[in-house]
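In: 3D, please:
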Amino acid sequence: MDLLTQSGFPEIRTARFLMRRIVQADINLVFAGLSDPLVIAHYGVSYDTLEATQVQIDWFNQIYVSGTGIWWGVCDPLDPFKLIGAVGLNDMCRTHERAEIGYWLLPAHWGCGVASECVASMLAFAFGTLGLYRIGAEVDLDNSNSSRLLERLGFHFEGVRRGYELKCGARLDLKCYSRLSRDPVTHEGSRDS
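Out: Prediction:
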């Protein structure tokens, strides 16, 4: 995806946040998020050690360089070296103009509108700059906060994928959502629950 890499990593500024490239120096905060029991309860990736988290840092770089995705670290512009979470696109397919989204925040920042604001800005970039047509999302059945966020941002519930993932030895059903570039959005940017 030359569009992503031809002019450097695209930073996004929202009303309150800076979304920037995740770099090696962020590994401690990525580990803090992806090892936190509250975060990983509904997230498909987790790490037990700082060293193991290197896989995630490498993945962020790999998908960006290969053009199959892009993830931003979310931070306060007044403290740009301290991540509070991450949002991103992965499994991008230019042929079919689609991608999947993901996001996580450190629990201290839940319920403050961070995800609404940052995911909305990421979607604007995906549909505008990248010219994508469809963005998909998968959510654990019991992750009602994430389902509400997606619905507020104009995503449509498509159905449930039964037994779709295996996590800690248990089969998980996932709710599937999508948003098309042509879908109207009336509640974008409202506060997280």
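
In: For Ile135, grab the count of nearby residues.
Out: Around Ile135 sit 27 other residues, with neighbours defined as other Cβ atoms under 10 Å. Bear in mind the C-beta positions are built from the backbone N, C-alpha and C, glycine included.

In: pLDDT score for it?
Out: pLDDT recorded at Ile135 is 98.

In: in the sheet, who's paired with it?
Out: Listed beta-bridge partners, Ile135: Ala99, Arg179 (assigned using DSSP bridges).

In: need the strands for the chain, in chain order.
Out: With DSSP state E, the ranges of strands along the chain come out as 12-13, 18-21, 70-75, 83-93, 98-105, 134-140, 156-167, 170-180.

In: Surely Leu141 and Val160 touch.
Out: Yes - shown here, Leu141 and Val160 form a contact pair, counting by Cβ atoms under 8 Å, at 7.1 Å.

In: what touches both of those two?
Out: Both Leu141 and Val160 are in contact with Asp173, Leu174, Lys175, where contact means Cβ atoms under 8 Å, 6 or more residues apart in numbering.

In: list the contacts for the second one?
Out: This points to Leu174. Contacts of Leu174 (Cβ under 8 Å, 6+ apart): Glu138, Val139, Asp140, Leu141, Val160, Arg161, Tyr164, Glu165.

In: How about the last one?
Out: Shown in contact with Lys175 (Cβ under 8 Å, 6+ apart): Glu138, Val139, Asp140, Leu141, Ser147, Phe157, Gly159, Val160.

In: repeat that with 7 Å
Out: Contacts here follow Cβ atoms under 7 Å, 6 or more residues apart in numbering; on that basis Lys175 touches Val139, Leu141, Ser147, Phe157, Val160.

In: Serialize those residues to JSON lines and add fields for pLDDT.
Out: Below are the contacts of Lys175 laid out as JSON lines (pLDDT from 0 to 100):
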{"residue": "Val139", "pLDDT": "94"}
{"residue": "Leu141", "pLDDT": "90"}
{"residue": "Ser147", "pLDDT": "95"}
{"residue": "Phe157", "pLDDT": "96"}
{"residue": "Val160", "pLDDT": "94"}
